[in-house]
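**Student:** sequence first, predicted coordinates after that:
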Amino acid sequence: MLSYNKNRIWVHDAIACLEREAARSADTHLLKLDVLGFPGIDFYFKDESSHPTGSLKHRLARSLFLYALCNGKLQQGQSVIDASSGSTAISEAWFARLLGLKFTAVMPDCTTPRKISVLQALGAECDLVPARIDTSEHAQARAVAEGGCYLNQFGLAERATDWRGNNNIAESILTQMQKESNPVPTWIVCGAGTGGTSATIGRYLRYRRLPTQLCVAEPAGGAFAQAWQTRSITETKPCHTIIEGIGRSHIEPGFMFDVVDKVIEVSDTDSCAAAWLLEDILGRRYGGSSGTNLIACLQLAEAMRNRRETGSIVSLLCDRGERYEQTLFNRQWLMKNEIEVDVPLASLRCHLASTAD
């Protein structure tokens, strides 16, 4: 009984620790952009890179730890493990260190070097596996063998987050929009990695009975786009994209297709060019998925402009661009991957500056 009481006290203390952290960092900045080429349409980008761990995945990691604690799956002194291409792992490693726990990230061996170095600086073990090995299966097997807690971001993303509120990302966006000219967005745009963000936003919009539509911005050929068209979850073609964190090659358990109103597929070239454009606009770098979101926003805005509609579009700046200095913002790396950004970047600049006839 004594050991039970001691563990319950530790769990309570851990949850209190996560709640204090949430109070400090949950509301990230909502940046407003005035774009000359789209009069009457307001663009907003929620800067999730301002979280302590530098990405949107900070919210997911906190939710996964709370889920594990409240479901009795995580105990004092237990090691923690998950599969991640980088950003989720960085956030999970940060929270594990906050709680005094060992963390292991199982990642593809092609993960951005900068992300690996950040993980190691946080005290995490990086288990790099070749492409032929399923990272989630490998992480789960290690957890079983070592008696660790498998956080299972892909399996639990949509259920670990409280989609009815509790300052989730959808509630945070709509609260911050209350005093704006068009407080109820026409569109909210996000990507789909685990599917947790789109599921949370889509369900919350319905829960609040709002007319706002949800668009998923997806790398061309991504599993979400393929399955959204047919609602078939068994047959998808592999997705080959250099945009990390989104554009899955297979259906994830957290993908909820029926709460999404539109999917826009974006080429890797356009996503990279848009990521470079964001630096022009905002004065700092963001990752490739933020560029994917921007392209989708511009397509939606163009359709609104053609219909002479006004309103607001809200999207996400997902993670810090410094993590991609050796990849997306390195011309030699881009050339190696047959990506040329100068022409599409110039086209985007003209598109933003021009007005409709």
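**Tutor:** Thanks, I have it. Note that the coordinates shown come from a computational prediction; the quantities given were computed from them, not determined experimentally. Residues are numbered from 1 along each chain as shown.
**Student:** my guess is R320 contacts K57. True?
**Tutor:** No. The pair R320 / K57 is not scored as a contact, 11.6 Å apart, by CB atoms under 8 Å. No exception for glycine: its C-beta is placed from N, CA and C like everyone else's.
**Student:** the more surrounded of the two?
**Tutor:** Of the pair R320 and K57, K57 is the one with more neighbours under other CB atoms under 10 Å, namely 29 against 24.
**Student:** tell me who's in contact with the residue nearest the centre of the chain.
**Tutor:** By CA atoms, centre = their mean, the chain has its centre lying nearest to L56, at 4.9 Å. Going by CB atoms under 8 Å, 6 or more residues apart in numbering, L56 touches E48, S87, I169, T197, L316, C318, D319.
**Student:** any quick ChimeraX command for the buried ones out of these?
**Tutor:** A single ChimeraX command selects the buried members of these (16 or more other CB atoms under 10 Å):
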select :48,87,169,197,316,318,319
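**Student:** inside helices: which ones of the contacts of L56?
**Tutor:** The helices, defined by DSSP state H, take in S87, I169, T197 from those.
**Student:** mind picking the lowest-pLDDT entry from these?
**Tutor:** Lowest pLDDT among those: S87, with 89.
**Student:** pretty sure it sits against S55.
**Tutor:** Yes. Between S87 and S55 there is a contact under CB under 8 Å: 4.2 Å.
**Student:** now do the shared contacts for these two.
**Tutor:** Counting by CB under 8 Å, 6+ apart, the residues touching both S87 and S55 are C318, D319.
**Student:** pull out the buried positions in stretch 68-85.
**Tutor:** Here stretch 68-85 shows A68, L69, L74, Q75, Q76, S79, V80, I81, D82, A83, S84, S85 as buried, counting by 16+ other CB under 10 Å.
**Student:** could you check how far the first one is from Q78?
**Tutor:** Okay, so that is A68. A68 is 9 Å from Q78, where distance means CB to CB, to the nearest Å.
**Student:** please enumerate the shared neighbours of these two.
**Tutor:** Among the neighbours of A68, those also in contact with Q78 (CB under 8 Å, 6+ apart) are C149.
**Student:** re the thing from before, going by distance to G287, which of the ones in helices among the contacts of L56 wins?
**Tutor:** Closest approach to G287 among the ones in helices among the contacts of L56 (CB to CB): S87, at 8.0 Å.
**Student:** how about the secondary structure of the residue lying closest to L74 once chain neighbours are set aside?
**Tutor:** Of all residues not flanking L74 in the chain, A68 sits nearest, at 3.9 Å (CB to CB, 6 or more residues apart in numbering). The three-state assignment at A68 reads helix, by DSSP: H, G, I helix; E, B strand; the rest coil.
**Student:** isn't A68 right next to C149, touching?
**Tutor:** Yes. Under the criterion of CB under 8 Å, A68 makes contact with C149 at 5.6 Å.
**Student:** common neighbours of those two, please.
**Tutor:** Common neighbours of A68 and C149 (criterion: CB under 8 Å, 6+ apart): L74, V80.
**Student:** number of residues surrounding the nearest residue to Y207 once chain neighbours are set aside?
**Tutor:** Nearest in space to Y207, with sequence neighbours left out and distances taken as CB to CB, 6+ apart, is R164 at 5.9 Å. Per other CB under 10 Å, the neighbour tally for R164 reads 13.
**Student:** element containing R164?
**Tutor:** Following DSSP states H and E, there is no helix or strand that holds R164.
**Student:** distance of it from A68?
**Tutor:** Using CB to CB, R164 is found at 20 Å from A68.
**Student:** likewise G283?
**Tutor:** In this view, G283 and A68 are 38 Å apart by CB to CB.
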